[in-house]
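Undergrad: Sequence and predicted structure below; questions after.
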Amino acid sequence: MRDQVNKDTTKFLQSNGLRIAYEEFGQPSDPVILLVAGLYNQLVRWPIEFCELLVAKGFRVIRFDNRDIGLSDKMDGVRAPSLFRLMLKHYLRIPVDAPYSLDDMAADTVGILDALNIQQAHIVGMSMGGMISQLVTAKYPDRILSLTSIMSTSGERGMGVASAKVSAAMLRPVTKERSALDNAVNIWQMIGSPAYPMSDDDVRALIKAEHKRSSNPAGYMRQIAAIRTAPGRAKLLRTITVPVLIIHGNQDLLVPVSGGLDTAKYIAHAQLELFEGMGHTLPIALLPDFVELIVNQAHRA
């Protein structure tokens, strides 16, 4: 995986009242593929190789930092609800207010198209970005030509839910013996793709480069709150009529494959592709396969 952290290529636009950082590749006249990143993932989590492969297929590719992450505007001074409150919401269905919602992030995403004068695009989202992309496709149907939802879920109760072990690791506090970087490497390796492993040194280098680009730990909890307080999307998913591709790894421990299967259940015409040995990462070796699937889906639109 080549170094993808380069502030010199980053541009900015105004969307939904926020300053959003983005990068684009390809020709302005080519059809657009908009990439929506996951929980606390900066735009660089979309491998540059992936973007280049899509450009070689004749697409203009745009990747961006969601609100509260990377070089986009942060929601400083706004606290997320505690984990205890989020647990009460999940188990007892007690209402909880979050600083912002996935619907707000969907509006941010559409605002990017508006700012760039793009009437329609193909949308590809991974993990939380898949949730956002589902909302954009369902709620703004005139703007989306096709949807690809990667290692994501429907938001329905009990589907695509991480194990207690993984959840605990993601919330493990920093100690004198264990740094935030140590925690991040441990989480990556825990939820990674067993058939396509990365060394600790490679993972550490990638995370350090991202941290150097930007760090906003408070945004992590605010984005978690947006996910945890979002209602299920089954009813909205049933309304989607554009071509839909669902990609998931059979060994995903963060968003188990039940999330992808359940998403496909509500979209009768969806194409579901499961990959053996894939966890909650985008293995470089599989990028050509993903691109072929996405491009074929786009050509159906």
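TA: All right, it came through fine.

Undergrad: is it true that Glu52 touches Phe25?
TA: Yes. Counting by C-beta atoms under 8 Å, Glu52 does reach Phe25; the two are 6.9 Å apart. Quick note: C-beta positions are derived from backbone N, CA and C, even for glycine.

Undergrad: Compute the first-to-last residue distance for stretch 271-291.
TA: Stretch 271-291 has its terminal residues 14 Å apart, counting by C-alpha to C-alpha, to the nearest Å.

Undergrad: Please state the offset of it from the chain centre?
TA: Averaging C-alpha positions (C-alpha atoms, centre = their mean, to the nearest Å) puts stretch 271-291 15 Å from its chain's average.

Undergrad: in that stretch, what counts as buried?
TA: Across stretch 271-291, burial judged by 16 or more other C-beta atoms under 10 Å covers 271-273, 275, 278-283, 286-287, 290-291.

Undergrad: What lies in contact with the helix or strand hosting Asn296?
TA: Following DSSP states H and E, one finds Asn296 within helix 287-300. With contacts defined as C-beta atoms under 8 Å, 6 or more residues apart in numbering, helix 287-300 is touched by 31, 33, 47, 49-50, 53-54, 57, 59, 122, 124, 145-146, 148, 150, 243-245, 247, 271, 273, 275, 282.

Undergrad: In space, what's closest to Gly249 - neighbours in sequence excluded?
TA: Closest residue to Gly249 apart from its sequence neighbours, by C-beta to C-beta, 6 or more residues apart in numbering: Met278 at 2.8 Å.

Undergrad: right, and that neighbour touches Ile191 too?
TA: No. Using C-beta under 8 Å, Met278 and Ile191 do not qualify as a contacting pair, with a distance of 11.0 Å.

Undergrad: what is in contact with the two at once?
TA: With C-beta under 8 Å, 6+ apart as the test, Met278 and Ile191 both reach Asp252.

Undergrad: can you pull out the helices in the stretch 1-150 of the chain?
TA: Listed in chain order, the helices of the stretch 1-150 of the chain (DSSP state H, counting those that start in this stretch) span 48-56, 83-92, 102-115, 128-139.

Undergrad: thinking again about what came up before, do you know how far the residue nearest to Gly249 is from Tyr196?
TA: 7 Å (C-beta to C-beta, to the nearest Å).

Undergrad: Kindly report the same for Lys165.
TA: Separation of Lys165 from Tyr196 (C-beta to C-beta): 21 Å.

Undergrad: ok, now Ala98?
TA: According to C-beta to C-beta, Ala98 and Tyr196 sit 34 Å apart.

Undergrad: Equivalent analysis for Asn41, please.
TA: 18 Å.

Undergrad: The two: who's more crowded?
TA: Asn41 (20 against 17; other C-beta atoms under 10 Å).

Undergrad: Low-confidence ranges, the stretch 101-250 of the chain, go.
TA: Scanning the stretch 101-250 of the chain for pLDDT under 70 picks out 174.

Undergrad: All the strands of it, in order from the start?
TA: Assigned by DSSP state E, counting those that start in this stretch, the stretch 101-250 of the chain shows strands spanning 121-126, 144-150, 244-249.

Undergrad: List just the one of the ones you listed that sits closest to Ala301.
TA: Of all the strands of the stretch 101-250 of the chain, it is strand 144-150 that lies closest to Ala301, at 4.1 Å by C-beta to C-beta.

Undergrad: partners of that closest one in the sheet?
TA: When pairing is defined by DSSP bridges, strand 144-150 lines up against strand 121-126 (parallel), strand 244-249 (parallel).
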